[in-house]
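Chemist: when you get a sec, could you give me coordinates for this:
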Amino acid sequence: MDKVLASLPRVLNPDVLVGFETSDDAGVFRLSPQLALVQTVDFFTPIVDDPCVFGSIAAANALSDIYAMGGRPISALSILAYPAAGDLDVLQQILLGGAQKIDEAGAALIGGHSIADEEIKFGYAVTGTIHPERVIANSGARPGDALVLTKPLGTGVVSTALKRGLVAEAHLQSSIDSMLALNRRACEAMLRHDPHGCTDITGFGLIGHAREMAVASGVTLEISLEQVRFLPGAVEYARAGAIPGGLRNNQDFASAAVEWAHQPAPELVHLLYDPQTSGGLLISLPGDGASALERDLPEAFRIGRVLERREKPIRIT
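Modeler: Residues are numbered from 1 along each chain as shown. Okay, the predicted model is just below:
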């Protein structure tokens, strides 16, 4: 994907504050000296059985990109692919779940577009607002910063365990609760503590998105594996072979960017590449700000630090 994006013409517009060049979470366009738009789009196939929950998760996932930039979502357009002869009650529940989550975020659902497709796909294009001088991009990480993550990893592995009939109900519910949680509180807390850079952890997994931040910022991110938290059951399911296809793709793409201080158990390696849905924010900020953020947001946890650029953009200790 990086090679494809690199082949596209650069946008020569001074009001484009964040484009696609750094693989950031959303684009930012300045409307005035005090106001900019933050825009993103995301959609995917069902990952849970309950259609209402799926709709809500899809909305939370799309909204996350706005929060990762430090923005406030204001409107959303739905994107839907649904079988022409599909159950309309199921469709209603998907749309209802999404609408409820958009409303929870304080944004307005103002329309959408649908096509007939045998495979269900659902999500949103979301627009937010931000002050042009307060954008938190993935390119802002600085040497000496601490790295804080706001949600545990493992949603992809747990969802795969569900498809294979391996998952315990309590573990599934923990994963669903994590995916349903908006990153709004994390964003609001982050903004109180002088963040330098941020990205949300979604389809490319922790290593994939950390790599994007490191490359965009010209630094190396050092991640302490023993400080990373995982969802209940995720390690056991990864050990049992509940590996999503996207995890393998992430590993194939990003593994060359990683320096390992030691070789951990395979299931832990897998979880660092696990594609997340509605994952947490990875925040780069000064050490004292990180400590204050952990106090302010109890679910947040420090996972490493930012180093001067080394041979590889990611170092796992």
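Chemist: SS state for residue 114?
Modeler: strand (DSSP: H, G, I helix; E, B strand; the rest coil).
Chemist: beta partners for it?
Modeler: Beta-bridge partners for residue 114, by DSSP bridges, are residue 80.
Chemist: these two touch, right, it and residue 82?
Modeler: Yes. The pair residue 114 / residue 82 is scored as a contact, 6.3 Å apart, by Cβ atoms under 8 Å. C-beta coordinates here come from the backbone N, C-alpha and C atoms, glycine included.
Chemist: with neighbour numbers in mind, choose between these two.
Modeler: residue 82 (21 against 13; other Cβ atoms under 10 Å).
Chemist: so which bits of the helix or strand in which residue 90 is found are buried?
Modeler: In this assignment (DSSP states H and E), residue 90 forms part of helix 88-104. By neighbour count on 16 or more other Cβ atoms under 10 Å, the buried set for helix 88-104 is 90, 91, 93, 94, 95, 97, 98, 99, 101, 102.
Chemist: so where do the helices sit in this structure?
Modeler: 2-6, 51-68, 88-104, 155-163, 169-180, 184-191, 205-217, 234-239, 245-254, 266-273, 287-296 (DSSP state H).
Chemist: need the contact partners of the third one.
Modeler: The reference is to helix 88-104. With Cβ atoms under 8 Å, 6 or more residues apart in numbering as the test, helix 88-104 has contacts from 50-60, 63, 73, 76, 78, 80, 82, 108-109, 120, 122, 124, 180, 182.
Chemist: and for the nearest residue to residue 116 once chain neighbours are set aside, the neighbour number?
Modeler: The shortest distance from residue 116 to any non-neighbouring residue, by Cβ to Cβ, 6 or more residues apart in numbering, is to residue 84 (4.2 Å). Counted by other Cβ under 10 Å, the residues lying close to residue 84 total 8.
Chemist: please apply the same query to residue 308.
Modeler: Using other Cβ under 10 Å, residue 308 has 10 neighbouring residues.
Chemist: likewise for residue 41?
Modeler: Neighbours of residue 41 using other Cβ under 10 Å come to 16.
Chemist: who touches the closest residue to it other than its chain neighbours in this structure?
Modeler: Nearest residue to residue 41, sequence neighbours excluded (Cβ to Cβ, 6+ apart): residue 125, at 4.1 Å. Residues near residue 125 by Cβ under 8 Å, 6+ apart: 39, 40, 41, 62, 76, 77, 79.
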